[in-house]
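Participant: Provided below are the primary sequence and the corresponding predicted coordinates.
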Amino acid sequence: MAPEKKDQIKNIFKPGTQVALMIEQSFLISITMYATVYDCNHRKQEIIVSSDGPMTTGNMKRQKIFLTTLVNQESDLKTRFGIRVTIKDFLKNYELYGGEKVAAFLLKYTPPLEKTTLREAFRIQPNYQFKIEGCINNEHHSGKEHFRFDDISMAGAGIIVQKKGKCVSLLDWKKGKQITIQMELSANDEKEKLITKTEFTTKAEIMRVNFYFSERSGFIGIRFTKMTADDTRKLTAFITAAQRYKMRKKRPA
């Protein structure tokens, strides 16, 4: 059952909620920034969310931003709901309950609560700058003769499997199969200077298998499941760092 739009904003957006900010840019159709809710004042219609830095706060104050999160529905389905927000302030030294000071955004929201989707979930496609390595079920390792990651997002990843490689048996797997995947992600700038690096292990579900993806390879689509809060933060930080780097590269001179 969908949440009551008038009263459930405060029950959906609360401290600890993992959220996605859909930001419309003049030089991009839309980007997505992932964050965590730190605090809320629903009487003032204000929400404080995490931030790694000010980005382009001045410009972002004039942009259309939608704050969204996934909500559990009947039959274990999840639906994305959101509210329109504006950036009221960038808090350079926001103090958490434990005394730690972090960067954060103060958002001002405007009802109603709306059902929505991520129009452009940000996906990283690996190259010499954004490298993704991994191991499936502690026995199948990525590599030239095995498999490689085609892309990764907060939702899951795409995997290319060599038909004549040592991991061709992966293409025999069926939709719904549960697996364990270990991943190592690193981001570098043009001079191959390390921007960020992270590792995590999570459960995943096979969503799609295409043996006929190409003459030499097949494709597997996976969805991450049962990610811990710490692993979610790690992947969020990696994707956000890569996304901001791409934003700077696309910005007009």
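Facilitator: Cool, got the structure. If you're wondering where the values come from, they're calculated on a predicted model, not measured in any experiment.
Participant: how about the CA coordinates for whichever strand or helix holds I48, as CSV?
Facilitator: With elements delineated by DSSP states H and E, I48 resides in strand 46-50, which encompasses its position. As requested, the backbone C-alpha atoms of strand 46-50 are provided in CSV (Å, rounded to 0.1, in the frame of the first residue of the first chain):
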residue,chain,number,x,y,z
GLU,A,46,13.9,20.9,6.4
ILE,A,47,16.1,17.9,6.0
ILE,A,48,19.9,17.6,6.5
VAL,A,49,21.8,15.1,4.3
SER,A,50,25.4,14.1,3.9
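Participant: which other residues reach that strand?
Facilitator: Under the criterion C-beta atoms under 8 Å, 6 or more residues apart in numbering, residues 13, 19, 21, 35-41, 67, 85, 88, 91, 94, 102-109 lie in contact with strand 46-50. Every C-beta, even on glycine, is put in place using the N, C-alpha and C of the backbone.
Participant: Look through this structure and report the residue furthest from the middle.
Facilitator: Within the chain, K164 marks the point farthest from the mean C-alpha position, 32.4 Å out by C-alpha atoms, centre = their mean.
Participant: Quick one: the strands in the stretch 51-200 of the chain, in order.
Facilitator: 65-72, 78-95, 101-115, 130-136, 140-141, 147-152, 156-162, 178-188, 194-210 (DSSP state E, counting those that start in this stretch).
Participant: Can you give me the domain boundaries for this protein?
Facilitator: The record's domain split for the chain, according to automatic domain parsing, is 9-115, 130-250.
Participant: what would those domains look like in TSV with mean pLDDT and distance to I124?
Facilitator: Putting the domains of the chain into TSV (pLDDT from 0 to 100; distance: least, C-beta to C-beta, whole Å) gives the following:
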stretch	mean pLDDT	distance to I124
domain 9-115	80	12
domain 130-250	84	5
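Participant: coming back round to it: wait, what's in contact with the residue lying closest to the residue farthest from the centre of the chain once chain neighbours are set aside?
Facilitator: Across the structure, with C-beta to C-beta, 6 or more residues apart in numbering as the measure, the residue nearest K164 apart from its sequence neighbours is R216 (7.2 Å). If a contact means C-beta under 8 Å, 6+ apart, then R216 has 162-164 as its contacts.
Participant: And for S142?
Facilitator: Under the criterion of C-beta under 8 Å, 6+ apart, the neighbours of S142 are 132-135, 148-149.
Participant: 6 Å instead?
Facilitator: Each residue near S142 by C-beta atoms under 6 Å, 6 or more residues apart in numbering is listed here: 133-134, 148.
Participant: Now rank those by neighbours and give me the top one.
Facilitator: If you count neighbours using other C-beta atoms under 10 Å, the busiest of the contacts of S142 is G134, which has 21 neighbours.
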